[in-house]
Every structure is written in structure tokens, then in C-alpha cells.
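coordinates for the following, if possible.
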Amino acid sequence: MTHHTVREISLETPLEAQIWKLIRNKDIPKGVCRFLWKNLHRAYCIGEFWQNIPNYEHRETCRLCKGIE
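Below you'll find the model as predicted:
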């Protein structure tokens, strides 16, 4: 997913090593780095995570745009 998003923005596809190096940049605050790392590893309970959990399926969908989180 990250590769595709970067390609849409910059028209270049980064290597996996480049992505990891960029999120560990000393100029980026540690909290932001943690957030990016967790996103890349799907550590947050968002989107499709809720798809097969009874009575919580509604959490998969954004209330504003109705898209998958």
C-alpha cells in the first residue's frame, strides 16, 4: 500500500529499504515514527480488522465518507 501511495504522489516506486530508512529519520519526531511503523504493520484496529467481529462490523466503515477506514 505504501509503495502505491508514494508512486501516485511522486511517480516513483520506492524500495522497501528506502521506506524503512525514511520512517527512521532522526528529524522526524519519535511519536510520528511509531505511528508510521504501526501503520505499516497494521497494528491499529481499523478498517478490515472489524469485518469478522460480530456486532462491530460497523467500525470498518468511515462515518463521514462511507469508505473502508
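
got a list of what Asn25 touches?
Cys33 (Cβ atoms under 8 Å, 6 or more residues apart in numbering). All C-beta atoms are positioned from the backbone trio N, CA, C, and that covers glycine.

you'd agree it is in a helix?
No: under the criterion used here (DSSP: H, G, I helix; E, B strand; the rest coil), Asn25 is coil, not part of a helix.

how much space between it and Cys33?
Asn25 sits 8 Å away from Cys33 when distances are taken as Cβ to Cβ, to the nearest Å.

now do His58
In terms of Cβ to Cβ, His58 sits 31 Å off from Cys33.

try Arg24
For Arg24, the distance to Cys33 - Cβ to Cβ - is 6 Å.

so if I had to pick from those two, which one is more boxed in?
Taking neighbours as other Cβ atoms under 10 Å, Arg24 and Cys33 compare with Cys33 leading, 15 against 12.

any idea what sits nearest that one, other than its immediate chain neighbours?
Ile23 (5.6 Å; Cβ to Cβ, 6 or more residues apart in numbering).
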